[in-house]
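**Student:** dropping a prediction and its sequence here:
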Amino acid sequence: MGAKVRVIERKGRTFLEQLYLLEVFKGMTVTLGHFFRNLLDNSRLYVRHYPEVQPDIPARWRGRHRLTRHQDGTVKCVACFMCQTNCPSNCIRIEAGERFDGRSEKMPVRFEIDLLECIYCGYCVEACPMDAIRMDTGIFSVNSNDRQSLLIGLEQLLETPGAYDEEIYQKGAR
Ligand code: SF4
Ligand code: SF4
């Protein structure tokens with residue numbers, strides 16, 4: 001049995017519709033309505049006046065990296081290369097050296113992260129068996145006019161403090 005075909009008559013546009021003026025007027029009414037309403041009262045606008053007003057960065061946010069220390073100040077990193085091996089961007093460079101503080105056999109003598117290549121995936125943090133690398137600095141704005149300054153090294157990584165209390169970080173990391 002053949003399908004029942006219903007033919008719809010095409011009426012075409014009226015003269016007024018062909019002019020488009022009415023639709024343009026309607027569109028402008030909506031646009032100008034929003035414009036003047038926001039001009040007189042911007043309390044309902046979802047706009048942050050950055051950088052004067054900084055956002056609250058939650059503890060789970062993956063910001064710029066840092067290397068952590070034990071309570072006695074010794075470096076937690078044991079230069080196991082797990083972070084470097086797991087990094088999908090291949091942007092971590094570690095050079096291991098002999099260690100004499102009794103913590104382990106090795107520690108990094110060179111530890112570099114190329115922030116221009118990093119995709120902030122957090123795999124390095126996940127892979128680390130020592131909780132030696134974290135992305136809890138709260139630094140979300142990484143920019144520079146100089147490429148070299150975005151290649152951060154061991155000292156810079158060790159000097160950057162964490163942005164959260166340990167308890168808040170541990171709660172956020174779960
Ligand atoms: S966040 Fe990801 S891309 Fe960046 S250094 Fe860590 S593993 Fe590599
Ligand atoms: S940061 Fe962690 S994973 Fe990377 S080399 Fe050091 S101990 Fe190993």
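**Tutor:** Yep, that arrived. Ligands and ions are numbered 1, 2, ... in the order given.

**Student:** what about the closest residue in space to residue 168 that isn't next to it in sequence, which helix or strand?
**Tutor:** With sequence-adjacent residues excluded and distances taken as C-beta to C-beta, 6 or more residues apart in numbering, residue 168 is closest to residue 59, at 5.2 Å. Bear in mind the C-beta positions are built from the backbone N, C-alpha and C, glycine included. Using DSSP states H and E, residue 59 sits within no helix or strand.

**Student:** now residue 76: how far from ligand 1?
**Tutor:** 16 Å (C-beta to the nearest ligand atom, to the nearest Å).

**Student:** no no, residue 5
**Tutor:** 59 Å.

**Student:** again, but for residue 6
**Tutor:** From residue 6 to ligand 1 the distance is 58 Å (C-beta to the nearest ligand atom).

**Student:** and for residue 167?
**Tutor:** On the measure of C-beta to the nearest ligand atom, residue 167 and ligand 1 end up 24 Å apart.

**Student:** likewise residue 58?
**Tutor:** 17 Å.

**Student:** please apply the same query to residue 103.
**Tutor:** Taking C-beta to the nearest ligand atom as the measure, residue 103 falls 23 Å from ligand 1.

**Student:** and that residue, what pLDDT?
**Tutor:** Turning to residue 103, the model gives it a pLDDT of 92.

**Student:** tell me how many other residues crowd it.
**Tutor:** Residue 103 has 16 neighbours, counted by other C-beta atoms under 10 Å.

**Student:** not counting residues beside it along the chain, what's closest to it?
**Tutor:** Leaving aside its sequence neighbours, residue 103 sits nearest to residue 74 (C-beta to C-beta, 6+ apart; 5.4 Å).

**Student:** near ligand 1, which residues of this protein show up?
**Tutor:** Applying C-beta under 6 Å from any ligand atom, we find that the chain lies next to ligand 1 at 87-89, 91-92, 113, 118-124.

**Student:** cutoff 8 Å now
**Tutor:** 62, 65, 83, 86-92, 113, 117-125, 127, 133, 135 (C-beta under 8 Å from any ligand atom).

**Student:** and the residues you listed, which are buried?
**Tutor:** Listed as buried from the residues of the chain next to ligand 1 are 62, 65, 83, 87, 91-92, 113, 118, 120, 123-125, 127, 133, 135; burial here means 16 or more other C-beta atoms under 10 Å.

**Student:** of the residues you listed, list those near ligand 2.
**Tutor:** Checking those against ligand 2 by C-beta under 8 Å from any ligand atom, the ones in range are 83, 92, 124, 127, 133.

**Student:** restricted to strands, list the residues you listed.
**Tutor:** Among these, the members found in strands (DSSP state E) are 92, 133.

**Student:** from the ones next to ligand 2 among the buried ones among the residues of the chain next to ligand 1, pick the one nearest residue 33.
**Tutor:** Set against residue 33, the nearest of those by C-beta to C-beta is residue 124 (50.1 Å).
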